[in-house]
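Engineer: below are the sequence and a predicted model; questions follow.
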Amino acid sequence: MQLKLLVIRSANPTQLAQFYSQLGCNFEQHRHGKGPLHYSCTIEQTVLEIYPLAKGQEAADPNLRLGFEIEEFDTVLEKLVEQGGRITQAPGESEFGWMCVVEDPERRKLELYKRSNKKG
């Protein structure tokens, strides 16, 4: 099995796309037929899309939790904070490697893992 698509709903898709761009996502604007304008990027073989909130949805779901392994860990973390992110778990060693937890501007939690150059 492989994850092909992940859709995030946002009250401010443009702001959220700018935030996630700090991770290295290269978003493009898309629209399918008469559907809403949204942002889309590809991470390896997975498409990440940021859509406006669904009709009747009052707020983004803050319970979604995403994990990203990133290069330039300290620089990216600093940029995320500048873009409205909030560190909820300070960087440190875990059983999965060096990581921290950051909330995006809509309170979703992102687990950020430092990419290791180890081959194994």
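Structural biologist: Received it, and whenever you're ready, just let me know what you need. Residues are numbered from 1 along each chain as shown.

Engineer: stretch 81-90: end-to-end distance?
Structural biologist: One end of stretch 81-90 sits 12 Å from the other (Cα to Cα, to the nearest Å).

Engineer: what sits up against that stretch?
Structural biologist: With contact meaning Cβ atoms under 8 Å, 6 or more residues apart in numbering, stretch 81-90 is reached by 15, 18-19, 22, 77, 99-105, 109-110. Heads up, the C-betas are built off the backbone N, CA and C, glycines and all.

Engineer: equivalent analysis for stretch 97-106, please.
Structural biologist: Against stretch 97-106 from outside (Cβ under 8 Å, 6+ apart): 10-12, 15-16, 19-20, 59-60, 62, 73, 77, 80-81, 83-92, 109-114, 116.

Engineer: that stretch: how far from the chain's middle?
Structural biologist: Relative to its chain's centre, stretch 97-106 lies at 9 Å (Cα atoms, centre = their mean, to the nearest Å).

Engineer: thinking again about what came up before, and the furthest pair within the contacts of stretch 81-90?
Structural biologist: Largest separation among the contacts of stretch 81-90 by Cβ to Cβ: Q15 and M99, giving 24.6 Å.

Engineer: the more surrounded of these two?
Structural biologist: Set Q15 next to M99 and count neighbours by other Cβ atoms under 10 Å: M99 wins out with 19 against 16.
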